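> I would like to see how this sequence folds:
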Amino acid sequence: MSSIRRRATGRITLNEVAQAAGVSPITASRALRGQRSVDPALVARVQEAAQQLGYVPDPAARALASARSSQVVVLVPMLSNTVFVDLLEAVHATLMPAGYQMLIGVTHYDPAEEEELLRGYMAHRPAGLLLTGFDRTEGSRQLIESAGVPCVHLMETSDTPGVHSVGFSQTAAGYAMTRHLIERGRRRVMFIGAQLDPRTLQRLQGYRDALRGAGLHDPGLELLDPRRSSMALGAELFERALQQCEDADALFCCNDDLAQGGLLAALRLGVPVPQRVAVAGFNDLAGSDQMLPPLTTVRTPREQIGRQGAAMLLQLMRGETAVRSSVDVGCTLVTRGST
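Next up, the predicted model:
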């Protein structure tokens with residue numbers, strides 16, 4: 001095998017692997033794809049040749065040759081958010097044993113940036129798409145539809161025929177948390193939101209619905225900031241909230257980053273929680289159960305969403321019909337000492 005010379009690019013070709021194994025290029029290709037029609041002894045010989053030569057298949061060439069790809073595009077809003085890291089881990093654990101790799105893109109909550117990513121990734125002829133939510137441009141929608149690539153939407157659900165999704169109702173979750181605070185005797189419940197992405201606004205809608213149903217809604221109880229969410233911003237907004245509404249007796253933060261920052265600010269300022277003001281979060285991130293006091297929050301099943309979303313996509317990529325096109329995995333209200 002040492003006599004085989006590489007082509008000008010320095011990349012070993014399938015023909016060179018076939019030559020080293022003493023088989024035809026077609027047989028070598030079938031052997032490396034794991035087709036059962038190839039004799040196991042030939043498969044072992046081709047695999048040994050490929051390993052010794054350092055052969056790496058060209059996914060683009062394979063996709064063009066077979067009209068199929070082993071790549072799945074997964075687009076998430078942020079990688080600095082633990083929610084989406086957990087989601088990606090679950091997707092990877094489901095797709096990899098089935099022979100698929102992820103092409104990960106970060107949209108930064110920007111539909112235009114998502115469209116640009118989709119146009120670039122479609123050139124790789126992906127086998128499937130996993131997208132976060134439904135907030136996208138008309139150009140992205142047309143691109144997905146015209147490509148005919150199986151697509152599953154994550155973190156939200158839809159009843160639209162032909163649309164596949166795995167998630168939960170953000171609005172219902174926001175409603176449940178607000179009802180919990182009302183049932184604890186809170187009457188001046190503030191909503192603190194940052195980033196103001198579609199899922200945050202859906203939680204806000206649930207909050208409004210609950211307060212209106214109880215006759216307690218007041219637009220002055222909403223503190224919305226478009227900046228990226230963080231613990232530091234949560235501490236800042238905690239102080240602003242109590243200045244904006246001195247009689248507020250509960251703060252429903254749109255995520256745990258803000259709520260954790262708010263609890264730290266309360267400790268620093270000497271504001272007793274929950275005696276003076278209750279604090280609630282969303283997502284049940286790491287550390288929320290270790291706060292002082294432990295944070296009441298909504299536990300979101302991102303690992304389950306990742307697993308079930310990827311499993312649904314595998315069905316679609318195999319040409320099968322999903323048992324259910326929309327799967328609501330629900331979420332859990334976790335009550336702790338902060339409320």
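> from here on, contacts and neighbour counts on C-alpha atoms
OK.
> got any ranges where the stretch 101-250 of the chain has weak pLDDT?
Nowhere does the stretch 101-250 of the chain drop to pLDDT under 70.
> which stretches of it form strands?
101-106, 128-132, 151-155, 164-167, 189-194, 222-225, 250-253 (DSSP state E, counting those that start in this stretch).
> give the buried residues for stretch 206-216.
206-211 (16 or more other Cα atoms under 10 Å).
> ok, Val334 - contacts?
Counting by Cα atoms under 8 Å, 6 or more residues apart in numbering, Val334 makes contact with 296-299.
> take those and lay them out in JSON lines including pLDDT and secondary structure.
Shown next, in JSON lines, are the contacts of Val334 (pLDDT from 0 to 100; DSSP: H, G, I helix; E, B strand; the rest coil):
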{"residue": "Thr296", "pLDDT": "98", "secondary structure": "strand"}
{"residue": "Thr297", "pLDDT": "98", "secondary structure": "strand"}
{"residue": "Val298", "pLDDT": "98", "secondary structure": "strand"}
{"residue": "Arg299", "pLDDT": "98", "secondary structure": "strand"}
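> including distance to Gln170 and neighbour count, could the residues you listed go into a markdown table?
Below are the contacts of Val334 laid out as a markdown table (distance: Cα to Cα, whole Å; neighbours: other Cα atoms under 10 Å):
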| residue | distance to Gln170 | neighbour count |
| --- | --- | --- |
| Thr296 | 17 | 26 |
| Thr297 | 13 | 29 |
| Val298 | 10 | 24 |
| Arg299 | 12 | 17 |
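> go ahead and name everything in contact with stretch 269-280.
Contacts of stretch 269-280 (Cα under 8 Å, 6+ apart): 177, 248-253, 256, 259, 262-263, 266, 293, 295-297, 337-339.
> just the CA trace of that stretch, in CSV.
Written as CSV, here are the backbone C-alpha positions of stretch 269-280 (Å, rounded to 0.1, in the frame of the first residue of the first chain):
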residue,chain,number,x,y,z
LEU,A,269,-29.6,44.3,49.3
GLY,A,270,-31.0,42.6,52.3
VAL,A,271,-34.4,42.0,50.6
PRO,A,272,-36.0,38.9,52.3
VAL,A,273,-37.3,36.3,49.8
PRO,A,274,-40.0,35.2,49.8
GLN,A,275,-41.3,37.3,52.7
ARG,A,276,-40.9,40.6,51.0
VAL,A,277,-41.1,39.4,47.4
ALA,A,278,-41.3,36.0,45.8
VAL,A,279,-39.0,35.1,42.9
ALA,A,280,-39.7,32.5,40.2
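> how long is stretch 176-193 from one end to the other?
Stretch 176-193 has its terminal residues 17 Å apart, counting by Cα to Cα, to the nearest Å.
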